[in-house]
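Chemist: what's the 3D shape of this:
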Amino acid sequence: METMTPSDNLRRRLAILDRIYDLYEEFLKSFNLAYELRCSSCCTGNLTMTTLEGYSILARAGNHKLNMLLENVRAVANSPWFKPQITINRIAELCRNGKPVLDEIIGPSWGTCPLLTDNACPIYPLRPFGCRCMVSNLDCRKTGHAQIDAFILTINNLFLQYIEHIDPYGDTGSLIDILIYFDQPTLLETFQRKMTITEYAGLALNRPIPALMVPPEHRHRVQPILQRLQLLDQT
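Modeler: Purely as a prediction, here's the structure:
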């Protein structure tokens, strides 16, 4: 893969993404969460992320790790995995306009994340938000299911909306599809210069935030973190 030379706009968006991740990690510190090294129960092949998040991983992985990541996704290129048809901001738009939102089917048997190595994530510090927000009050390996605080779920949706919002000309898709997309030098170069994406099967067009997906019982409680998110987008 060619040397990555992002535009000034892309560098700015990457910096905002980093600050969003840091803000989320700060938010989680007030909760008692279950986590252990090499706990990969939630590491499925159905993970989704934005193109900005995918570029962030590729740009910072280092050449050796980058080649390994791309080899792993190439190896599963013909396997089934989740391909989202709409993004979270599109869902918010449909809900705001009183239109139905069709359920998307995720196959639990579609396998684990192709990047896993010995049950550990080789890009843990670079992982996308879809990984960061998979948290639980209980050890999923003992209970067979996660238990997520309702307010954390609201905050997760809020962060997902903002992460999509700061990649306005990009797409959302599976981790596999986005890494395969960027494995094509001409498409990668276009994103580096313009942050735009060529129409590609399996990716859903990002949208700005039409309305926040915050239930009435959490509207007051989200205000402090919402204000900080809004300030990040203005920097």
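Chemist: hey, which helix or strand in this protein has the poorest pLDDT?
Modeler: Least confident helix or strand of the chain, by mean pLDDT, DSSP states H and E, is helix 140-143 with a mean of 64.
Chemist: Which strand residues bridge the residue positioned nearest the centre of the chain?
Modeler: Against the mean C-alpha coordinate of the chain, by CA atoms, centre = their mean, the closest residue is residue 49 at 3.1 Å. Going by DSSP bridges, residue 49 is paired in beta bridges with residue 173.
Chemist: For it, list the residues it contacts.
Modeler: 128-130, 172-175, 178 (CB atoms under 8 Å, 6 or more residues apart in numbering). C-beta coordinates here come from the backbone N, C-alpha and C atoms, glycine included.
Chemist: Restricted to buried residues, select these in ChimeraX.
Modeler: Buried subset of the contacts of residue 49, written as a ChimeraX selection, criterion 16 or more other CB atoms under 10 Å:
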select :128,129,130,172,173,174,175,178
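Chemist: Who are the packing partners of the longest helix along the chain?
Modeler: When the chain is parsed with DSSP state H, its longest helix is helix 8-28. Under the contact definition 3 or more CB pairs under 8 Å, 6 or more residues apart in numbering; DSSP states H and E, helix 8-28 sits against helix 51-60, helix 129-132, helix 150-165, helix 223-234.
Chemist: Would you mark the buried spots in that helix?
Modeler: For helix 8-28, burial by neighbour count (16+ other CB under 10 Å) applies to 10, 13-14, 16-17, 19-21, 24, 27.
Chemist: what's the closest non-adjacent residue to residue 222?
Modeler: Leaving aside its sequence neighbours, residue 222 sits nearest to residue 214 (CB to CB, 6 or more residues apart in numbering; 5.5 Å).
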